[in-house]
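In: Here's my sequence, what's the structure:
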Amino acid sequence: MPDLRPVVVTGASRRNGLEPVRLLTARGQPVIGIARAEPGLWELLARFIRRDLSGRAAVTTLAQDLAQLRPKG
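Out: Predicted coordinates:
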């Protein structure tokens, strides 16, 4: 049985990032996809965040955004 906490996958729109999305979701794992481009398989993602992570500030902002998604308690 998979852990139901979402897994974050960067580069989730294609190539190396898309394959982990396919494998994880096939096991029932929720996935939050992060990418600069729109993903080809929206229906697989629990959530999609469009973000260019090439700068440190963008990574920091993403971490803050993801922290907001965590359940309180």
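In: so what does the top helix by length along the chain touch, helix or strand wise?
Out: Of all segments of type helix in the chain, defined using DSSP state H, the longest is helix 56-69. Here helix 56-69 touches strand 31-35, strand 47-50, going by 3 or more Cβ pairs under 8 Å, 6 or more residues apart in numbering; DSSP states H and E. The C-beta positions use only the backbone N, C-alpha and C, and glycine is treated the same way.
In: Turn the ones you listed into a markdown table, columns for mean neighbour count and mean pLDDT.
Out: Output for those, formatted as a markdown table (neighbours: other Cβ atoms under 10 Å; pLDDT from 0 to 100):
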| stretch | mean neighbour count | mean pLDDT |
| --- | --- | --- |
| strand 31-35 | 23 | 92 |
| strand 47-50 | 15 | 90 |
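In: Relative to S13, which of those is closest?
Out: When these are compared by Cβ to Cβ, strand 31-35 sits nearest S13, at 3.7 Å.
In: Could you check the angle the closest one makes with helix 56-69?
Out: 160 degrees (axes from the mean of the first three to the mean of the last three Cα atoms, to 10 degrees).
In: What pairs with strand 31-35, parallel or antiparallel?
Out: Strand pairing for strand 31-35, using DSSP bridges, gives strand 7-10 (parallel), strand 47-50 (parallel).
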